[in-house]
Each structure stands twice: as structure tokens, then as C-alpha cells.
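A.B. asks: Let me see the structure of the following:
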Amino acid sequence: MVRKFLYFFTALVVLVIAGGFALNIYQDELTEIAFVPTAEYKPQEALKTNIYDDPAMWFSGPVKSADNPTRFKPTGAPVDETDGPAAVFFVHPTSFISRDSWNMQLGDLETDTRTRIFLRGLASPFASAGQIWAPKYRQATVGAFLTEKPEGKEALDGAYRDVLLAFDSFLESQQDDRPIILAGHSQGARHLLYLLQQRVAGKPLAKRIVAAYIIGWPISVEHDLPQTGLPLCTQPNDTGCIITYQSFSEPADYGRVLKAYGVLTGLDGQSRADSQIACTNPLTGGINEPAGMEANLGTLKPNEDMTAGELVEKAVPARCDENGFLLIGDPPKIGNYVFPGGNYHVYDIPLFWANLRFDSLWRLREYLKK
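C.D. replies: Coordinates of the predicted model:
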């Protein structure tokens, strides 16, 4: 019972509030829960530059394993006869919940177990395109998102430095100019956004990017997108572009999300208040056309403990609204972790599991043609 409650609570809190603006959205509830660490922040000791040469630093990567969580296949998913030719770098969302430390320490088996569950549902759509490299990193605790204290940002910056080191190691292993797909959700998407700015924008590497799936983290069209070096994907044949969205059922109430979004500064250091949020439609691969539920190739509906799942076709429609949020119609019955205002953050990727799989394969094909 305790373990079951732990997984429920983790999914309930971590995957949703790790969107980066929870303090403003759920201030009363989270103040009561008090997830913000009470411990003094201590800067993390820098990892050895070659630490990611060790296969143990990867949930999925340099060594193929039978228990690789990213190779998960829900019931009804196509069987891949061969691995795709791309290399996929995936950064997982927050799975560390502690008030004793601002950052997870390596070797935290309980947190690693939760991360593997998340990877099964969130990274697996991209496995058909190629081998997934999913690093372990000293992620910021969920409380880092719930405070205006400088320690919160310092914890996130420390986590990002690990991700950057892992990415550099990943690139060292891809000396054959293999095409690259970037993907991440929530905290992982936040780190990828900064990674694009520092490792892709204006560099030769940009030509190797098939697509970047920055999901569950808001991107400002004005203050973030130009800094990434990649445009927004506007049609399914585009490559070298960004796919991004945040899912809400209708009627959606995201006023508090918009308010909090404006508090955060963009990659250019400017306020994002009143700037447009970028949105792509995972059912169409573009930005303008809405799509009915008949375009949904399969939603991943997990079982109660998230150890398995099945694909359900034609479960939800999708359209980007004028404020940059992805609306999915009437609330679908996919699970128990939907949040106020129709916020389906937990299910951003599972809602469109089969379409994201197809999207990554299609853009890879277009990239190879070009």
C-alpha cells in the first residue's frame, strides 16, 4: 500500500508541478504540502568529465540491455523489425521528491525506479527512430520549482550542467554524423531548451538535428525560439525544427498558467509577459490545422501501476488555440492524474504516443531524403 501510494503521489505531484510555474498555479495547496527543501543549498561538486563513459550513468545508451525502459511497447504498437538510424537524446522529467536536498544524489535507487517508470511511457515513442540515450543526472527536486528563492534556480542550473556533460559525451559517440533527435518532458524539456541555445544555435550541429521535441515546457515565440537556432515545425515535412505543446481539455482554465509563464524570463533574458507561446499539433505535425480524433493513431492508456498499457485509437482530437495551448476536447478517461483547469501535463506524451512515434519516423525519412 505504501509503495502504491508513493507512485500515485509522485505521478500526481512530480509530473505536473515540474512544469516550472507551480508556485503561482497551486500556491495554497503546495504551501501546505511544503515541498521546498529546508536544507541549506550546497553547490554540487562537478562530475568528472569522462563520467558518462560509464554505461551505469545511462538508463539507456551505450550498452543494450534487456530491461531498457525506453524499449517499452504498449499493446497494439507496431513491432520494429530493425532499429532506426537516428541517435535519440532523451532527458527525463522530475522524479526526485525530497525536502532534504535540492538535488538528487547519484545512486538514489528509489528515484531511479520512478524514473524508469516515466521513461517507459515518455521516451518509448521515439525508440523506433533509433537508439535512445537517456542519461542519469542530479536532477533538481520538485521543491525547486515551488519557490522564488535563488536556491531553486541554482538547483536547476546544477542539474543542467550534468545534462550538458552527458550530451557532450553522447556527441562523442556519434562521430559518424548520425542524424540526431532531441526529446524531453517537463524538467527535461527545460534543460533541452538551454542545451539548444548553447550547443546547437549557430553551430554545425544544427544541420544534424532531425527534430527537437520540447514537450510540457512553454516556449516563447519571441524570447525563446530565436535563441534555440531552430524554427518551429509548421508542417509534417519540416526537419531541423521544434515540436512543443501543453495539453488541456475543454473548457480549459489556464489563466494562472499564463500569469506564471509571464513571470519567467526567456532565453534572451527578457520578460516573457504577453509574448505568444509556441504550439505544434502532434496530430498534424503543423501549427494551424485542427485535427479530429480520427487523426489520433493511438493514445497510451496505462494500467493502474503504470507497468503496462495499451494503445487506444481515435481517443482525443487536438488543436492549438490562440494562446498557444493544445486543446484536446472533452476530458478523456485516460487516468487519475488530471489537474485543475483540465491540465493534462502528466499525459502530454501518452495522449499522442502513436502519432509521436510516426512523427519522428516521418521527419527522419524526410531528413534522410534531403
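
A.B. asks: Tell me the secondary structure of residue 213, please.
C.D. replies: The three-state assignment at residue 213 reads strand, by DSSP: H, G, I helix; E, B strand; the rest coil.

A.B. asks: give me the number of residues near it?
C.D. replies: Residues lying near residue 213 (other Cβ atoms under 10 Å) number 28. (Each C-beta comes from the backbone N, C-alpha and C, glycine too.)

A.B. asks: so how far is residue 341 from it?
C.D. replies: 24 Å (Cβ to Cβ, to the nearest Å).

A.B. asks: same check, this time on residue 123
C.D. replies: With Cβ to Cβ as the criterion, residue 123 and residue 341 are 27 Å apart.

A.B. asks: And the two? Which one has more around it.
C.D. replies: A count of neighbours by other Cβ under 10 Å puts residue 123 above the other of residue 123 and residue 341, at 27 against 16.

A.B. asks: isn't the more buried one right up against residue 182?
C.D. replies: No. Judged on Cβ atoms under 8 Å, residue 123 makes no contact with residue 182 at a distance of 11.9 Å.

A.B. asks: Need the residues touching each of the two.
C.D. replies: With contacts taken as Cβ atoms under 8 Å, 6 or more residues apart in numbering, residue 123 and residue 182 have 88, 90 as neighbours in common.

A.B. asks: Just give me the neighbour total for the closest residue in space to residue 174 that isn't next to it in sequence.
C.D. replies: Closest residue to residue 174 apart from its sequence neighbours, by Cβ to Cβ, 6 or more residues apart in numbering: residue 87 at 5.1 Å. Residues lying near residue 87 (other Cβ under 10 Å) number 23.

A.B. asks: chain center to the helix or strand where residue 87 lies, what's the gap?
C.D. replies: Residue 87 belongs to strand 86-91 when elements are defined using DSSP states H and E. Computed by Cα atoms, centre = their mean, to the nearest Å, the chain-centroid distance of strand 86-91 equals 12 Å.

A.B. asks: for that strand, packing partners?
C.D. replies: On a contact count with 3 or more Cβ pairs under 8 Å, 6 or more residues apart in numbering; DSSP states H and E, strand 86-91 meets strand 130-135, helix 150-172, strand 180-185, helix 187-195, helix 353-369.

A.B. asks: okay, now residue 342: neighbour count?
C.D. replies: 19.

A.B. asks: Break down the chain into its strands, ranges please.
C.D. replies: 58-60, 86-91, 130-135, 180-185, 209-215, 241-243, 247-248, 299-302, 309-312, 319-320, 326-327 (DSSP state E).

A.B. asks: Please convert these to CSV, extending it with mean pLDDT and distance to residue 98.
C.D. replies: Shown next, in CSV, are the strands of the chain (pLDDT from 0 to 100; distance: least, Cβ to Cβ, whole Å):
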stretch, mean pLDDT, distance to residue 98
strand 58-60, 96, 20
strand 86-91, 98, 20
strand 130-135, 97, 20
strand 180-185, 98, 20
strand 209-215, 98, 25
strand 241-243, 98, 32
strand 247-248, 97, 28
strand 299-302, 92, 25
strand 309-312, 94, 28
strand 319-320, 97, 36
strand 326-327, 98, 31
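
A.B. asks: can you list these in a markdown table and add distance to residue 276?
C.D. replies: Listed next are those as a markdown table, based on distance: least, Cβ to Cβ, whole Å:
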| stretch | distance to residue 276 |
| --- | --- |
| strand 58-60 | 35 |
| strand 86-91 | 25 |
| strand 130-135 | 31 |
| strand 180-185 | 22 |
| strand 209-215 | 15 |
| strand 241-243 | 14 |
| strand 247-248 | 16 |
| strand 299-302 | 28 |
| strand 309-312 | 32 |
| strand 319-320 | 11 |
| strand 326-327 | 14 |
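
A.B. asks: right, so of those strands, which gets closest to residue 77?
C.D. replies: In terms of Cβ to Cβ, the element of the strands of the chain nearest to residue 77 is strand 309-312, at 5.8 Å.

A.B. asks: and the closest one, how far out from the chain's middle?
C.D. replies: Worked out by Cα atoms, centre = their mean, strand 309-312 lies 20 Å from the chain centre.

A.B. asks: if I look at residue 287, how far off is residue 156?
C.D. replies: 28 Å.

A.B. asks: So for these two, which sits in the more crowded spot?
C.D. replies: Neighbours per residue (other Cβ under 10 Å) separate residue 287 from residue 156, with residue 156 holding more: 22 against 17.

A.B. asks: quick one: that one from residue 93, how far?
C.D. replies: 13 Å.

A.B. asks: got any residues that touch both of those two?
C.D. replies: Each of residue 187 lies in contact with both residue 156 and residue 93 under the rule Cβ under 8 Å, 6+ apart.

A.B. asks: quick one: contacts for the most centrally placed residue in the chain?
C.D. replies: The C-alpha lying nearest the average C-alpha coordinate of the chain belongs to residue 185 (Cα atoms, centre = their mean; 0.8 Å). Going by Cβ under 8 Å, 6+ apart, residue 185 touches 92, 93, 122, 215, 216, 217, 348, 349.

A.B. asks: How about residue 140?
C.D. replies: By Cβ under 8 Å, 6+ apart, the neighbours of residue 140 are 94, 96, 102, 103, 152, 155, 156, 158, 159, 187.
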